[in-house]
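Participant: can you look at this prediction? I've put the sequence above it.
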Amino acid sequence: MDKNRMEGAKREFKGTVKEVTGKVTGNKGKEVAGNIEKNTGNVQKHIGQAADHKRDAAHKRDDVDRRP
């Protein structure tokens, strides 16, 4: 699993918590910061997923190339 995938999921979760905390407390700044962090984590997670797919495709291609 790509490091970006794990870090992105963690960042997304932290951003969601921050966003909800901002909504509950009425702190608009914290809410917006949480939303930005959540979306940044989501993008980072998808970058990691793309890297995983690319690596998997390369492994499959190598496996096909090595067949007798």
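Facilitator: All right, it came through fine.
Participant: how confident was the prediction at the residue found closest to residue 46 once you drop the neighbours it is linked to in the chain?
Facilitator: Once flanking residues are discounted, residue 46 sits nearest to residue 8: 7.3 Å by CB to CB, 6 or more residues apart in numbering. The way it works is simple: take the backbone N, C-alpha and C, and place the C-beta from them, glycine included. pLDDT recorded at residue 8 is 96.
Participant: and if you look at residue 31?
Facilitator: 98.
Participant: equivalent analysis for the one 4 residues further on, please.
Facilitator: At residue 35 the predicted local confidence, pLDDT, stands at 98.
Participant: would you mind finding the longest helix in the chain?
Facilitator: Once the chain is assigned using DSSP state H, the helix that runs over the most residues is helix 28-65.
Participant: what are the buried residues along that helix?
Facilitator: Neighbour counts over helix 28-65 (16 or more other CB atoms under 10 Å) mark 30-31, 34-35, 37-38, 41-42, 44-45, 48 as buried.
Participant: mind putting these in JSON lines, distance to residue 1 included?
Facilitator: Converted to JSON lines, those look like this (distance: CB to CB, whole Å):
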{"residue": "30", "distance to residue 1": "30"}
{"residue": "31", "distance to residue 1": "31"}
{"residue": "34", "distance to residue 1": "25"}
{"residue": "35", "distance to residue 1": "26"}
{"residue": "37", "distance to residue 1": "21"}
{"residue": "38", "distance to residue 1": "20"}
{"residue": "41", "distance to residue 1": "15"}
{"residue": "42", "distance to residue 1": "16"}
{"residue": "44", "distance to residue 1": "13"}
{"residue": "45", "distance to residue 1": "11"}
{"residue": "48", "distance to residue 1": "7"}
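Participant: just curious, which of the residues you listed is nearest to residue 58?
Facilitator: residue 48 (15.7 Å; CB to CB).
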